[in-house]
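Visitor: sequence plus predicted model, see below.
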Amino acid sequence: MTIRAAVVGGSPLRQQAVDDLLHNEDFQLDQVLSRDPVVDSDGAPADMAWESLLLDAEIRLIILCTHTVARVALVRQAAEAGKAVLLQEPAPSSQELAQLRQLARRDAALIGVMMPFRMALPAEVRTWLWTATTCGTLEVSRSHPFEEFRNPLWFRWGPTRQKRALARILTPYLDLACQLLGEPIDTRIQADDEPGGRALGLVSFHNGSRLAFAGTTCSAVPSERLSLFDTDAHLTVSGDTLVFERMGSRATREIPPVRVLRRLVYQEIAASIESGTPLRHSTVGASDGLAAILTSFVTLHRTQITQ
């Protein structure tokens, strides 16, 4: 059965969500509201087009591509109207996640996040138990025009455009590390202030493992590599390849293009809507670790890389 969906929000990501639905046989794109709905001071709907969308019983999924400040209020209104919700970037903050979990429990709402790289992890790797001896490295380089990050959509990611750009390029791989290593308990970051675009960091996890990372938005040579090493296990994500080895058994998997990974997220959403079962990978509950790390970018004001 095709699921009717709506795309809502004024962010630049709206068109990506529209394209996703137009090329996905599980969904029928029913409405597009190409601006952020108005919410009054009490958090109630104050937008006729948004209210009309909420009252449409045929629409079962709302994809929110909107300013982070109003997101939780909009998710609450959608949940109260019986809609499933998928949040596009940016990743929810720790404060947002606490409120979203409360909504999910209270209204039995299905609330997901668009984190497509989670879908690249093979099932056998997800069950590995990484130990306190695990250490890892993450290196990401991009050339990102900082002007893109003037939009208020990205303000959650850091105090300057440079730090927002850095947080965005590191996010998919930091999230992968959290899916595997669990809860981070401490994050230390050094980053350039204006006009730089470099960051170095160290994340310590509850299980004793550690991850060192480096990122730059000033390189014309795009590259990414996440590696984790334990006493009897090794995993590397590099470009479009994932290599994992445990107890002498080694395997290589090709990582599908992002558009395919996004399609897998929608497939998971569709299956959960139809079956009434919780999300496994795209749930907001799997985003706490990433939110904790991103908080370090938000609070980063004075620490700089020494020359």
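Guide: Received it, and whenever you're ready, just let me know what you need. Everything numeric in this text was worked out from a predicted model, so none of it was measured. Numbers count the residues shown, from 1 in each chain.

Visitor: surely G215 is in a helix?
Guide: No - counting by DSSP: H, G, I helix; E, B strand; the rest coil, G215 falls outside a helix, being strand.

Visitor: list the residues that contact it.
Guide: L138, E139, V140, S141, L166, I169, L170, R198, A199 (Cβ atoms under 8 Å, 6 or more residues apart in numbering). Yep, even glycine has a C-beta here, placed from its N, CA and C like the rest.

Visitor: bridging residues for it?
Guide: V140, A199 (DSSP bridges).

Visitor: how near is it to A81?
Guide: The gap separating G215 from A81 is 40 Å, by Cβ to Cβ, to the nearest Å.

Visitor: for S275, same thing?
Guide: 20 Å.

Visitor: who's more crowded, the two?
Guide: For S275 versus A81, neighbours defined as other Cβ atoms under 10 Å are more numerous around A81 (18 against 8).

Visitor: in terms of pLDDT, where does the more buried one sit?
Guide: If you check A81, the pLDDT there is 93.

Visitor: so it touches S52, yeah?
Guide: No - with contact defined as Cβ atoms under 8 Å, A81 does not count as touching S52 (11.1 Å).

Visitor: the residue nearest to M119 when sequence neighbours are not counted in helix, strand or coil?
Guide: With Cβ to Cβ, 6 or more residues apart in numbering as the criterion, M119 has its nearest non-adjacent residue at 4.1 Å, and that residue is L264. Secondary structure state of L264, per three-state DSSP, is helix.

Visitor: repeat that for E274.
Guide: Assignment for E274 (three-state DSSP): helix.

Visitor: got it, and A291?
Guide: helix.

Visitor: in this structure, which spans are strands?
Guide: Applying DSSP state E to the chain gives strands spanning 3-8, 27-33, 59-64, 84-87, 111-113, 135-143, 184-191, 198-205, 210-216, 218-229, 233-238, 241-246, 249-254.

Visitor: for those, which one sits closest to R280?
Guide: strand 111-113 (10.3 Å; Cβ to Cβ).

Visitor: ok, residues contacting the closest one?
Guide: Counting by Cβ under 8 Å, 6+ apart, 75, 79, 84-87, 91-92, 100, 103-104, 265, 268-269, 272, 279, 282-284, 287 sit against strand 111-113.

Visitor: now, those that are in helices?
Guide: Using DSSP state H to define helices, the subset of the contacts of strand 111-113 located there is V75, A79, L100, L103, A104, V265, E268, I269, S272.

Visitor: many thanks, have a good one.
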